[in-house]
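missing the sequence, but the structure's below:
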């Protein structure tokens, strides 16, 4: 039995009972949680305020619109190989955070050659590139951050986000996704629609070590209403489930991403980006296509020609190649909305 708190119900415990998507009476929920029916009602309202959609049926009870696989440490670890698990210093699964990246930035550094990973069910202040807000719909997304230390701050370069993209694409292929690609510098795409993004925060000392926090935001499955809501802001979206024959398990995806990130980070620290460049080029969704680079108020049109050895975008304009680093510009297909 779950012990109630002074403020009522423990929200994760209530959500755990509702996760099967079935109708649960208020009386049954109260009995299971050891609280009053009034406390159940207050708990339902608290979850709704946090962004969890719960359907109430008069005199029958409460239900989620559909069953949800809640994140949990044990099934996540099942998809992480032994060598990578040995490098996983800490794995935290939280119910409710502001930003997974911000939480890890404020946490102590993990030991050398090991990682601290944080995931959450609800993220209220997720950050995308250039300060944009990253939306993570409850039950249909992943918000995952990994903290890692480099002995040499020079390795915390813009090309790291390209390596992360390769690692995440490999993880999605492991869970059955077909047709996943990358859009320079840090978007995951399916059918020219964005299904995820990468954000890297760096804390470095000049000429010394660096701590990086790698944030991965991923749409796993999206209801029609959520798609409409996101696309109303002008973003064409996709989900991992769109690329899979059957909807994949979120815990399996999370474990595969952690596993592939840890593999990539070890290789990246040893060899840099050079061994990953060919893999990135094979996943490049804009190769040979008309595109625009937006830098400040200027828009430069040309043909995307992949990346150089350092991960800089190569854009062909009037027969000449121009290089752009990821921190300077944004890239879009010709005619695509910003």
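Structure's in. What do you need? Note that the coordinates shown come from a computational prediction; the quantities given were computed from them, not determined experimentally. Numbering: from 1, shown residues only.

Give me the next element, helix or strand, following the helix or strand where residue 294 lies.
Using DSSP states H and E, residue 294 sits within strand 290-295. Proceeding N to C from strand 290-295, the next assigned helix or strand is strand 298-307, under DSSP H and E.

Give me the residues contacting that next one.
Residues outside strand 298-307 that contact it (C-beta atoms under 8 Å, 6 or more residues apart in numbering): 162, 184, 277, 280-281, 284, 286-293, 313-318, 321-322, 331, 334. From N, CA and C alone the C-beta is placed, and that goes for glycine too.

what about 6 Å?
Strand 298-307 is contacted from outside by 281, 284, 286-287, 289, 291-293, 313-317, using C-beta atoms under 6 Å, 6 or more residues apart in numbering.

Report the separation between the nearest residue to residue 272 once chain neighbours are set aside and residue 229.
Sequence neighbours aside, residue 155 is the residue nearest to residue 272 in space, at 7.1 Å (criterion: C-beta to C-beta, 6 or more residues apart in numbering). In this view, residue 155 and residue 229 are 38 Å apart by C-beta to C-beta, to the nearest Å.

Show me how the record splits this protein into domains.
Domain assignment for the chain by automatic domain parsing gives 11-63, 73-282, 286-333.

most packed of those?
When the domains of the chain are scored by mean count of other C-beta atoms under 10 Å, the highest mean neighbour count falls to domain 73-282 (a mean of 19).

ok now it, how far from the chain's centre?
Centroid separation for domain 73-282 versus its chain: 5 Å, with C-alpha atoms, centre = their mean, to the nearest Å.

So what's the model's average confidence on that domain?
Averaged across domain 73-282, pLDDT comes to 92.

Just the terminal-to-terminal distance for it.
End-to-end distance of domain 73-282 (C-alpha to C-alpha, to the nearest Å): 33 Å.

returning to what we had before: now do the strand holding residue 294: everything it contacts.
Residues contacting strand 290-295 (C-beta under 6 Å, 6+ apart): 299-301, 304, 315, 324, 329-334.

Neighbouring strands of it in the sheet, and parallel or not?
According to DSSP bridges, strand 290-295 forms sheet pairs with strand 298-307 (antiparallel), strand 330-333 (antiparallel).

Report the inter-axis angle for whichever helix or strand comes after the longest one versus strand 290-295.
In the C-terminal direction, the helix or strand that comes right after strand 298-307 (DSSP H and E) is strand 313-317. Between strand 313-317 and strand 290-295, the angle comes out at 110 degrees (axes from the mean of the first three to the mean of the last three C-alpha atoms, to 10 degrees).

rewinding a little: indicate which one of the strands paired with strand 290-295 is closest to residue 64.
strand 330-333 (36.1 Å; C-beta to C-beta).

same question for the closest one, mean pLDDT?
On average, strand 330-333 scores 86.

how far is it from where the chain is centred?
How far strand 330-333 lies from its chain's middle: 20 Å, per C-alpha atoms, centre = their mean.

Understood, closing this out.
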